[in-house]
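Student: pasting the sequence and the predicted model now:
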Amino acid sequence: MRVPGSSLVAFAALAAAAFAAGCASSGAASTDVEVRPPSPWVASSEIARSLGLRASVAGGKATLESPAGSRILVFAGTAIASVRGRTVDLADGASLREDDVFVSSRDAGTIRAAWSEGAAEEAQAGSSAPVWIPAPPPPSTSPRPPVLAGEPAPQPSQNDPTPAERTAWSVPLRRAWKHIVIHHSASAFGSAAQIDRWHRDKGWDGLGYDFVIGNGTGTPDGHVEVGYRWKRQLVGAHAQTPGPSNYMNEHGIGIVLVGDFNRTKPSALQMRSLERLCAFLMTHCGIPESQILMHGDVKGTECPGRHFPHAFTVRPAAPPRTSGVGAAR
């Protein structure tokens, strides 16, 4: 039977009214069918499941590992990840929430794409690809004694960075770095993101330092954040001296510890991280210990504060051990 057009319209109107009335009378039951948009944040463990990797979180770092040993490292409080040993920039950064490290959905896509690209490159290279063997590193100024038969292998020095730290801090050098300049933030709290905003408010192009060491307020105590200037090997904005010369910003690596050290001392974890970072940079860039400077050494300022231990010393870190295949710096 054919329903006239006017009758069909009337029937549809009655049906819509009845549906609306039913929704209004359902009360709390209507929440059972509420449709929520997908979360813009993705847990590292979820990324691991989607890629068939094993996930763990410790010290503000998520490690996603394949059975073959390839890894994704995501560092809370930073805007970088490491995928198969390569640094990947994150647009929105990573944060620690509920015992997991979260990234935005678009950064999760970037990480997954980098993982897939790395797998494709490794498959294309194959076992017949030429292997690049790096030249042996220069001898350390404090060589480790040889291991005699029957003796245990020497343990790494407390100044030696961890493998994850080496991955995060190692970049191809594009500038002649000759100095390390240490600062304090002169604030009780902070992180790389917060200091970046403070510096932009001053009219700068962003975070003026190369590295930021947290005090447990914006990032975990002792956590080292890598600034975009270091990753891109840009001129710093942390040690301008009087006159037209910008020498210290062009050749000095800026490290800031969060805290006001005119009022308090840096934490023990901050100092340990500073020692490891300086030891790494001394080896990576060929900087002598005599060129680890306080901000006050190059400009008339109390920075890094009266309570900072100005007399601390650092030995260069041992060069990383190679096992056949290396990555060019």
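Tutor: Yep, that arrived. Numbers count the residues shown, from 1 in each chain.

Student: where's the residue nearest the centre of the chain relative to A239, distance?
Tutor: Ranked by distance to the mean C-alpha position of the chain (C-alpha atoms, centre = their mean), the top residue is T78 at 3.7 Å. T78 sits 23 Å away from A239, going by C-beta to C-beta, to the nearest Å. C-betas here are computed from N, CA, C, even on glycine.

Student: and what of V224?
Tutor: 19 Å.

Student: and E225, what element?
Tutor: Here E225 is covered by strand 224-226, with elements defined by DSSP states H and E.

Student: okay, buried residues for the helix or strand following that strand please.
Tutor: Downstream of strand 224-226, the first helix or strand assigned by DSSP H and E is helix 228-232. Under the neighbour-count criterion of 16 or more other C-beta atoms under 10 Å, helix 228-232 has Y228, R229, W230, K231 buried.

Student: tell me which helix or strand of this protein sits lowest on mean pLDDT?
Tutor: In the chain, no helix or strand scores lower on mean pLDDT, DSSP states H and E than helix 5-25, which sits at a mean of 43.

Student: ok so, going back, quick one: strands adjacent to the strand holding E225?
Tutor: strand 211-213 (antiparallel) (DSSP bridges).

Student: and the contacts of the strand it pairs with?
Tutor: 185, 190-192, 195, 219, 222-227, 230, 253-258, 270, 273-274, 277 (C-beta atoms under 8 Å, 6 or more residues apart in numbering).

Student: so how do I select the buried members of the residues you listed in PyMOL?
Tutor: Of the contacts of strand 211-213, the buried ones go into a single PyMOL selection, burial set by 16+ other C-beta under 10 Å:
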select buried, resi 185+190+191+192+195+219+222+223+224+225+226+227+230+253+254+255+256+257+258+270+273+274+277
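
Student: the contacts of strand 211-213 in strands, which ones?
Tutor: V224, E225, V226, I253, G254, I255, V256, L257 (DSSP state E).

Student: quick check, nearest of those residues to R97?
Tutor: E225 (17.3 Å; C-beta to C-beta).

Student: return the distance of that closest one relative to E165.
Tutor: E225 sits 12 Å away from E165, taking C-beta to C-beta as the criterion.

Student: picking up where we left off before, correct me if wrong, but the residue nearest to the centre of the chain is in a helix.
Tutor: No - assignment of T78 by DSSP: H, G, I helix; E, B strand; the rest coil gives coil, placing it outside any helix.

Student: show me the contacts for it.
Tutor: So T78 contacts L90, G93, A94, A168, A192, E225, V226 (C-beta under 8 Å, 6+ apart).

Student: R71 too?
Tutor: So R71 contacts T63, L64, E65, S82, R84, G85 (C-beta under 8 Å, 6+ apart).

Student: can you say which of the residues you listed are buried?
Tutor: For these, buried by 16+ other C-beta under 10 Å: T63, L64, S82, R84.

Student: closest to L293 among those?
Tutor: S82 (29.7 Å).

Student: ok, back up a step: what's downstream of the least confident helix or strand of the chain, the next helix or strand?
Tutor: Next element after helix 5-25 (DSSP H and E): strand 41-43.

Student: list the contacts of that following strand.
Tutor: Contacts for strand 41-43 (C-beta under 8 Å, 6+ apart): R97, D100, V101, F102, V103, S104, S105, D107, A108.

Student: surely the second one meets S44?
Tutor: Yes - at 5.9 Å, D100 counts as touching S44 under the criterion of C-beta atoms under 8 Å.

Student: anything in contact with each of those two?
Tutor: In contact with both D100 and S44: V57, A62, using C-beta under 8 Å, 6+ apart.

Student: and the two? Which one has more around it.
Tutor: For D100 versus S44, neighbours defined as other C-beta atoms under 10 Å are more numerous around S44 (28 against 17).

Student: pLDDT score for the more buried one?
Tutor: pLDDT for S44: 93.

Student: before we move on, what about A79?
Tutor: Confidence at A79, expressed as pLDDT, is 84.

Student: distance check, the residue nearest to the centre of the chain against G286.
Tutor: Plainly put, T78 is 26 Å away from G286 if you go by C-beta to C-beta.

Student: low-confidence stretches in the protein?
Tutor: Scanning the chain for pLDDT under 70 picks out the ranges 1-39, 121-158, 242-244, 318-329.

Student: any idea how it splits into domains?
Tutor: For the chain, automatic domain parsing gives the domain ranges 41-121, 171-298.
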